[in-house]
Structure formats: C-alpha cells, structure tokens
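Engineer: here are the coordinates; sequence isn't available:
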C-alpha cells in the first residue's frame, strides 16, 4: 500500500512535466499520496525493533544486524543506481546537473546525507532509513537506555521543528520529523511485545480510516510537516497494532498475490520512476502521447507494479541471497 501510494504520486508529477502533459491529473490531488512514505517509515521502525530489540546493548550482535540491513538495502539499490548514473553521464540533457555530480554519486552509493537529492531521487528516504539504522546500531554496541535515547531524540525533534522550521542541512536529516515515525514504530513494537491489543479489528480499521481521511480531506495537515508526521505516523501505529494482533490471533489470511506485492514493494519503490519515464518516452515517441489522462495514470501504475514484481523475482531475491552468502 505504501509503495503504491508513492507510485501514484510520481505518476501524477511526471505527467505534469512540460515535455509530457504539462498538467497534473486531478488538479494535483495525487501529490498527497506521498504520505505512503510515512507508512513506510513507521513500518520500518516497527520491523527493526520487533526483530532486533533483544540485540540492544549486545555488541556481539552488531555484525549480523549490519549484514542483514546491508544485504537487504544496498545490492538491489546499487543495481539500479550505477547504470542510472552512467546514463546521466552519457546523456547530459537527461536529469539534473546534481545527478551527474561525482561527489553526489559517492554519497548516493553510500546512502549518506548530502545537501541535494541522491542520483536516484526516491533514495532520499533510504538516506533517512540508513541514518535510523545507524542510531539503532549505536544502541546495540552501547549500554545507553534505548527508551531514553529515543524519547530524548523525539523531544529534540519536536522542539527544534516547532522553533526553527525548516531546519538547515544537516540538521534537516538528524532532526527531521520523519524520524518521529521511526521512533513511534519502535514504540509500537515494544508495546506489542508486552501487551495484547484490545479490539484489534477496530484498531486496524480506525487507523487506516484516519490515515485515509487525512489523506483525502486534510490538505492543511499535508502541508504542515510536523503535524503531518504526527497524524500519519500515529494513525499508522494504530493500524499496525491492530493488524499485528489480528495476525497473532490467526485472523489474517493474506492471499498469495498480495504477499507477492508486499514482498516486491521495495523493488517497486526502486524501479517505478524509471519504468514510468521509459513508458512515457515510448508512448510519445510512437505517437501515443495523446492518451487521456485517466488512461495514462492507471497505465503508469500498472507498468510500475509489473516492473517492481519482475525486478523482485529476477534480481532482488537473487542478489540478496548472494550478498547474504558473501557476508555469512
């Protein structure tokens, strides 16, 4: 769901480029679907804590933690990034100057913070992801209280963003409101390790309904970063707690095709921009560039999903297995 929302956002924005339709579908309404990223960050915080919470304060667990995170994130990403950078070098009119900057490429390869967007635009979320993983790694190798560290971090994020928004780089990475969503994701995992959620179906539905309600009708919320991260982060937490409890009770039956889409979500996220660009380029080169907007949007969405599933089956799964064997 989170990946597909982002797919729809970028389908709308690329159609609005002057070289294509020069106007966004539905009056730019699809821009709001970018909040799929919020769902993604909360889920990331939840999963890391649910799997690795008992590793905190145990330096001997650092190697397996880092190997797991590295193999999951970097190899599938590099296979997209490196050819894309070479393409930008070969065709100077493609992309932005920053996407041909060798220094930006190095920081993009490492997924380290840099003042401009990475070469692969969507990787900005992975920069935040790797920063959060680094904080979690610090908690593994030290004896700091994870609760105090995370609560203190959350408090500083809130105070700084209420007082000095927008923050300048690199504070915009370290204290970005998106980090609050990792933290509440961790909190939901810790809570679920110790408690059973009451009325889980109601929680799951209420969380998703709140998320959808603010997505469709909360324009003010969408344009206010700290408020948006709070609203979408907390509604995601409520839905996660509900669904996890339903799963623990054996009340969730996920169809195989939906499991496949979930497994392919990272691949879909990585390749959808390239898939959409290639599709539109092919349409306009072949004389099909006059498709109605309401046909072009679902076409781009379908191509993105298909490309993501194929990349997952043919590349991502294999490269992750190779990386994990190499790091074992």
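Structural biologist: All right, it came through fine. Because the structure is a prediction, the values reported are computed rather than measured.
Engineer: show me what contacts residue 32?
Structural biologist: The contact partners of residue 32, taken as Cβ atoms under 8 Å, 6 or more residues apart in numbering, are 9, 215, 216, 219, 222. Using the backbone N, CA and C atoms, a C-beta is placed for each residue, glycine as well.
Engineer: for the last one, give its distance to residue 199.
Structural biologist: Shown here: residue 222 relative to residue 199, a distance of 29 Å by Cβ to Cβ, to the nearest Å.
Engineer: could you do the fourth one as well?
Structural biologist: Distance, residue 219 to residue 199, by Cβ to Cβ: 31 Å.
Engineer: ok so, going back, identify the farthest-apart pair in the contacts of residue 32.
Structural biologist: Among the contacts of residue 32, the pair separated by the greatest distance (Cβ to Cβ) is 9 and 219, at 14.8 Å.
Engineer: neighbour-wise, which of the two wins?
Structural biologist: Legend: neighbour count by other Cβ atoms under 10 Å for residue 9 and residue 219, higher for residue 9 (18 against 12).
Engineer: can you show me the helices along the stretch 151-300 of the chain?
Structural biologist: Read by DSSP state H, counting those that start in this stretch, the stretch 151-300 of the chain holds these helices, from start to end of the chain: 171-174, 178-194, 200-217, 219-222, 225-248, 256-263, 265-285, 293-311.
Engineer: now the fourth one: buried residues?
Structural biologist: For helix 219-222, a neighbour-count test (16 or more other Cβ atoms under 10 Å) marks 221, 222 as buried.
Engineer: for it, packing partners?
Structural biologist: helix 200-217, helix 225-248 (3 or more Cβ pairs under 8 Å, 6 or more residues apart in numbering; DSSP states H and E).
Engineer: contacts for the shortest one, please.
Structural biologist: Just to be clear, that refers to helix 200-217. 32-33, 35, 39, 197, 221-222, 231-232, 235-246, 249, 251.
Engineer: of the residues you listed, buried ones?
Structural biologist: Of the members of the contacts of helix 200-217, the ones counted as buried by neighbours, 16+ other Cβ under 10 Å, are 32-33, 35, 39, 197, 221-222, 231-232, 235-246.
Engineer: nearest spatial neighbour of residue 89, chain-adjacent residues omitted?
Structural biologist: Excluding the flanking residues, the one nearest residue 89 by Cβ to Cβ, 6 or more residues apart in numbering is residue 100, at 5.8 Å.
Engineer: residues touching that neighbour, list them.
Structural biologist: By Cβ under 8 Å, 6+ apart, residue 100 lies in contact with 85, 88, 89, 92.
Engineer: any idea how far residue 107 is from it?
Structural biologist: With distances defined as Cβ to Cβ, the gap from residue 100 to residue 107 amounts to 14 Å.
Engineer: mind listing the shared neighbours of the two?
Structural biologist: Common neighbours of residue 100 and residue 107 are not found (criterion: Cβ under 8 Å, 6+ apart).
Engineer: now for the host helix or strand of residue 78, which elements pack on it?
Structural biologist: Per DSSP states H and E, residue 78 falls inside helix 62-90. Taking 3+ Cβ pairs under 8 Å, 6+ apart as contact, the helices and strands that helix 62-90 lies on are helix 102-110, helix 124-141, helix 265-285, helix 317-327.
Engineer: any low-confidence regions in the stretch 201-328 of the chain?
Structural biologist: Low-confidence segments of the stretch 201-328 of the chain (pLDDT under 70): none present.
Engineer: if we ignore the residues flanking it in sequence, what's nearest residue 143?
Structural biologist: According to Cβ to Cβ, 6+ apart, the nearest residue to residue 143 is residue 57 (5.4 Å).
Engineer: residue 176 now?
Structural biologist: In this structure, residue 176 finds its nearest non-sequential neighbour in residue 128, 6.6 Å apart by Cβ to Cβ, 6+ apart.
Engineer: what's the neighbour count on that neighbour?
Structural biologist: Residue 128 is surrounded by 22 other residues when neighbours are defined as other Cβ under 10 Å.
Engineer: hang on, the earlier thing: how close does the residue nearest to residue 89 sit to residue 81?
Structural biologist: With Cβ to Cβ as the criterion, residue 100 and residue 81 are 13 Å apart.
Engineer: my guess is residue 23 contacts residue 12. True?
Structural biologist: No. The pair residue 23 and residue 12 does not pass the contact test of Cβ atoms under 8 Å, sitting 10.0 Å apart.
Engineer: please identify which of the two sits among more neighbours.
Structural biologist: Using other Cβ under 10 Å, the more surrounded residue of residue 23 and residue 12 is residue 12, with 26 against 13.
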